[in-house]
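Novice: I would like the atomic coordinates for the input below:
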Amino acid sequence: MRMSVSGSTIAAPPSRREQDRPAQVGTQTVVFWQRLALTVILGLSAFLNLFQLTREGYGNTYYAATVKNMLTSWRNFFFLSSDAGFVTVDKPPLGFWIQAASAKVFGFHGWSILLPQAIAGVLSVGLVYHLVRRTMGPVAGLLAAFTLALTPITVAISRHNNLEGLLVLVILLAVWAFVLATETGRWSWLLLGAVLVGIGFNIKALEAFLVLPACYLLYLVAAPVSWLKRIIHLGLATGVLLAVSLSWAVAVDLTPPDQRPYVSTSSNNTELDLIVGFNGANRLTGQDVDVGDRGPLRLLSEPLIGQIGWLLPLATVGLAVAVWQERRPLPLSRRQQALVLWGTWFITEWVFFNIAGDWDPHYLAVFAPAVAALVGIGVVAMWAAYCSPGWQGWILPVTLAVTAGMQSQALTAHAEWLTWLRPAVIVLSAAAVVGLVVARVTPRSRGTDLALAAIIVGMVSLFLAPSLWAASTIWYGGETRAPTAGPREKRDRIVASKFDRDAAALLSYLQSHRDTARYLVGSADQEFAEYAILQTNDPVIATGGFKGGDPVLSTNRLASLVNGGEVRFFLVETPIRRRNETATWINQHCTPISKEVWQPDQSSPRREEKGIQYQLYDCALGRGALGGAPALMPSPPPAEVT
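Specialist: Below you'll find the model as predicted:
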């Protein structure tokens, strides 16, 4: 502002507002760049999750067939029938309800049932940024969001109809509620967090509970209320959690069994048994070769390192450095509370995935937010240590070198896939480490720019491999039960095409010979049942459920269906298992159909490799032989249907 005195113009002292204006402008500029960076990260996540989503087909065809059947009736919708109302899918309801709603709005397509997970993945990236930024700063938040957006298993699950994508979003919302409860001491936020975890339970059962140790511990040690109130509040929250979690399961189990589908993979036709058995204890005690051997380094070795292990050393060391920097007497600061939350979440998931035996690689998606948060927090903490005097300044270059070395070793297993990748990681990381070392021993006035350039190059080198693993989900595409990122075997696609060829021939035969039967086929081969459901609008009975051994049909009900002309054809696994009353009854009362009748081409390596064979039976020819009499036509030795 200028003033005129006696015809002269002089400058008046700047006002308080004018003094503050440069700082405001600088702050606005910083905020602008932060928002721009977040927008770019969210855009990157949206691109990875949504681009060419139609190439993914139906994703997990078992789940896709379930959604299609759910759209045929409210009964199938509520009980999650995976076939024409006889047997359920082996998971809780909420994720499938969301997918069915999307399919109802947009029509039943592969992309319409994948869309909710893709959107959830983008929202999860934004939530991780918010949760980390609010206590650890914008740089840590942006790094965490960037890490989650490029975590290979996160992208793979976001482009799929397995349910971890939706589960992660709900868990992050629950964490947000628990954080607010801890900061305010208001138990209403705590109950909201419990409700959200219960909702997560109704997406993927006990998998949702893996976040509870972190959330409960955070509230227990940091809520601004007395210890007694903390315990009472957590007790109330636990009651709400159990009520929400078990509400649907109890409703199903209270329904008379003859008025609902059979609960697949349960031992006694109840959802509670499914929860604590197949989806509970079996996950700990079983063994799946797809996740490698148990042990503390399981996630740093094949086949899991490529899904989430690329940055684990960075996250682990970063957590330790951040905890050391934030050490101070109680009560816990907001930053210390954040470390309790993310550190406990990280440790809980690490322990579970290293000791549990029967789970699929895509389960690691629930571990990804904790890893991403600690990468963001850890890099900022190690950079602060690097910029300070003392031996802690060497932690950053050493950790970068160790992480890059581990990545280089992991890439040797894929030497023929992008042959330039491993040398690029080695060269870039080496340049970054050298730059950090040189800058460290150089006077600060001359070393600052070199250090900044070196850390940028270092981050590029460490994110290069996971970024390409994540992007590979776009160019591969295709249906798979267990989504993963990274190189895929051509053999898997060849085998799948041979199955489709054989299944198409069998489906054509069934449709042309079905006559007036209500159901197209009763199939013990779950994969063929899925294929038939997705390729036609004809109702199908999955006589064995997901694993093939569920007693879906009693002999009385089976006899009633056959005698009433409602089903003519059955696909039965051979040799017939002892105690499989359904297969035994069909073998006694129906006529086997030789494979030559419906499929002249006898090549079927897929079933031979699995050691599983199936026999097609025609029950119209033996319909008069109910009650134990021989079939109307002599039964030749069963021919193998593969």
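
Novice: going on from the one helix or strand residue 177 maps to, what's the next piece of helix or strand?
Specialist: Per DSSP states H and E: residue 177 is located in helix 164-184. Secondary structure here is assigned by DSSP H and E; on that basis, the next helix or strand after helix 164-184 toward the C-terminus is helix 187-204.

Novice: pLDDT on that following helix, on average?
Specialist: Averaged across helix 187-204, pLDDT comes to 97.

Novice: if you average pLDDT over the helix or strand just after it, what comes out?
Specialist: Elements were assigned by DSSP H and E; along the chain past helix 187-204, the next helix or strand is helix 212-222. pLDDT averaged over helix 212-222 equals 97, rounded to a whole number.

Novice: Can you mark which positions in helix 212-222 are buried?
Specialist: Neighbour-count burial for helix 212-222, counted by 16 or more other CB atoms under 10 Å, picks out 212, 214, 215, 216, 217, 218, 219, 221, 222. From N, CA and C alone the C-beta is placed, and that goes for glycine too.

Novice: okay if I get those residues as CSV plus distance to residue 483?
Specialist: CSV is the format used below for these (distance: CB to CB, whole Å):
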residue, distance to residue 483
212, 26
214, 26
215, 27
216, 31
217, 31
218, 31
219, 34
221, 37
222, 37
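
Novice: show me where pLDDT drops low in the chain?
Specialist: Within the chain, the stretches falling below the threshold (pLDDT under 70) are 1-26, 444-447, 489-499, 578, 600-612, 622-642.

Novice: does residue 110 really touch residue 56, like I thought?
Specialist: Yes - checked against CB atoms under 8 Å, the pair residue 110 and residue 56 is within contact range at 6.3 Å.

Novice: neighbour count winner among the two?
Specialist: Each of residue 110 and residue 56 had its neighbours counted (other CB atoms under 10 Å), and the higher figure belongs to residue 56 (23 against 20).

Novice: what's the distance between that one and residue 389?
Specialist: Taking CB to CB, to the nearest Å as the measure, residue 56 falls 52 Å from residue 389.

Novice: same thing with residue 111?
Specialist: According to CB to CB, residue 111 stands 55 Å off from residue 389.

Novice: Look at those two and report which has more neighbours.
Specialist: Neighbour count, other CB under 10 Å: between residue 111 and residue 389, residue 111 has more, with 21 against 7.

Novice: Give the helix, strand or coil label for the more buried one.
Specialist: The three-state label given to residue 111 by DSSP: H, G, I helix; E, B strand; the rest coil is helix.

Novice: show me what contacts it?
Specialist: Under the criterion of CB atoms under 8 Å, 6 or more residues apart in numbering, the contact list for residue 111 reads 53, 54, 56.

Novice: same thing with residue 384?
Specialist: The contact partners of residue 384, taken as CB under 8 Å, 6+ apart, are residue 325.

Novice: Of all the residues in the strand or helix carrying it, which ones are buried?
Specialist: When elements are defined using DSSP H and E, residue 384 is found to belong to helix 368-386. Buried residues in helix 368-386, defined by neighbour count with 16+ other CB under 10 Å: 368-383, 385-386.

Novice: what's the angle from the helix holding residue 177 to helix 187-204?
Specialist: Going by axes from the mean of the first three to the mean of the last three CA atoms, to 10 degrees, helix 164-184 is angled at 170 degrees with respect to helix 187-204.

Novice: Of all the residues in helix 164-184, which ones are buried?
Specialist: 164-183.

Novice: With stretch 262-279 instead?
Specialist: Buried residues in stretch 262-279, counting neighbours by 16+ other CB under 10 Å, are found at 262-266, 269-275, 277-279.

Novice: again with stretch 248-260
Specialist: Going by neighbour count (16+ other CB under 10 Å), the buried part of stretch 248-260 is 248, 249, 252, 253, 260.

Novice: Can you get me a residue count around residue 352?
Specialist: There are 17 residues near residue 352, going by other CB under 10 Å.

Novice: Equivalent analysis for the one 3 residues further on, please.
Specialist: Around residue 355 sit 12 other residues, with neighbours defined as other CB under 10 Å.

Novice: How about residue 75?
Specialist: A count of neighbours around residue 75, defined by other CB under 10 Å, yields 13.

Novice: ok, for it, nearest residue in space, not its chain neighbours?
Specialist: What sits nearest to residue 75 in space, not counting adjacent residues and going by CB to CB, 6 or more residues apart in numbering, is residue 85, at 6.4 Å.

Novice: Confirm that neighbour sits in a helix?
Specialist: No - secondary structure assignment places residue 85 outside any helix; it is coil (three-state DSSP).

Novice: hang on, the earlier thing: by contact count, what packs against the helix holding residue 177?
Specialist: In terms of contacts (3 or more CB pairs under 8 Å, 6 or more residues apart in numbering; DSSP states H and E), helix 164-184 is packed against helix 94-106, helix 110-136, helix 152-158, helix 187-204, helix 212-222, helix 334-355, helix 368-386.

Novice: the inter-axis angle of the fifth one versus helix 368-386?
Specialist: Following the same axes, to 10 degrees, one obtains 50 degrees for the angle between helix 212-222 and helix 368-386.

Novice: got a list of what the spatially most central residue of the chain touches?
Specialist: Averaging the C-alpha coordinates of the chain gives a centre point, and the residue nearest to it by CA atoms, centre = their mean is residue 164 (2.9 Å). Taking CB under 8 Å, 6+ apart as the contact definition, residue 164 lies against 157, 204, 207, 362, 363, 365, 366.

Novice: Name all residues that make contact with the third one.
Specialist: When you say that, I think you mean residue 207. The contact partners of residue 207, taken as CB under 8 Å, 6+ apart, are 164, 167, 200, 363, 366.

Novice: mind giving me a markdown table with these and columns for distance to residue 552?
Specialist: A markdown table is the format used below for the contacts of residue 207 (distance: CB to CB, whole Å):
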| residue | distance to residue 552 |
| --- | --- |
| 164 | 28 |
| 167 | 28 |
| 200 | 29 |
| 363 | 27 |
| 366 | 31 |
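
Novice: Let me see the domain layout of the protein.
Specialist: For the chain, the structural domains run 45-476, 491-618, going by automatic domain parsing.

Novice: Need the winner for burial among the ones you listed.
Specialist: Per residue and on average, the most neighbours among the domains of the chain fall to domain 45-476, with a mean of 20 (mean count of other CB atoms under 10 Å).

Novice: In three-state terms, how would the closest residue to residue 507 other than its chain neighbours be classified?
Specialist: The spatially closest residue to residue 507, leaving aside those adjacent along the chain, is residue 532, at 5.7 Å (CB to CB, 6+ apart). Classification of residue 532 into helix, strand or coil gives helix, according to three-state DSSP.

Novice: roughly how far apart are residue 501 and residue 451?
Specialist: Taken as CB to CB, the spacing of residue 501 relative to residue 451 amounts to 59 Å.

Novice: Check residue 366 too.
Specialist: Distance, residue 366 to residue 451, using CB to CB: 36 Å.

Novice: can you check residue 207 too?
Specialist: Between residue 207 and residue 451 the distance is 42 Å, computed by CB to CB.

Novice: And residue 216, by the same measure?
Specialist: Residue 216 is 41 Å from residue 451, where distance means CB to CB.

Novice: Indicate which one of the helices and strands packed on helix 164-184 is closest to residue 482.
Specialist: Evaluated with CB to CB, the helices and strands packed on helix 164-184 place helix 152-158 nearest to residue 482, the distance being 9.3 Å.

Novice: Please tell me how far the closest one is from the chain's geometric centre.
Specialist: 7 Å (CA atoms, centre = their mean, to the nearest Å).

Novice: Restrict it to CA atoms and write it as PDB.
Specialist: Extracted in PDB, the C-alpha atoms of helix 152-158 (Å, rounded to 0.1, in the frame of the first residue of the first chain):
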ATOM      1  CA  PRO A 152       0.800 -56.100  -7.400                       C
ATOM      2  CA  ILE A 153      -1.700 -58.200  -5.400                       C
ATOM      3  CA  THR A 154      -3.800 -55.100  -4.700                       C
ATOM      4  CA  VAL A 155      -4.200 -54.400  -8.400                       C
ATOM      5  CA  ALA A 156      -4.800 -58.100  -9.200                       C
ATOM      6  CA  ILE A 157      -7.600 -58.300  -6.600                       C
ATOM      7  CA  SER A 158      -9.100 -55.000  -7.700                       C
END
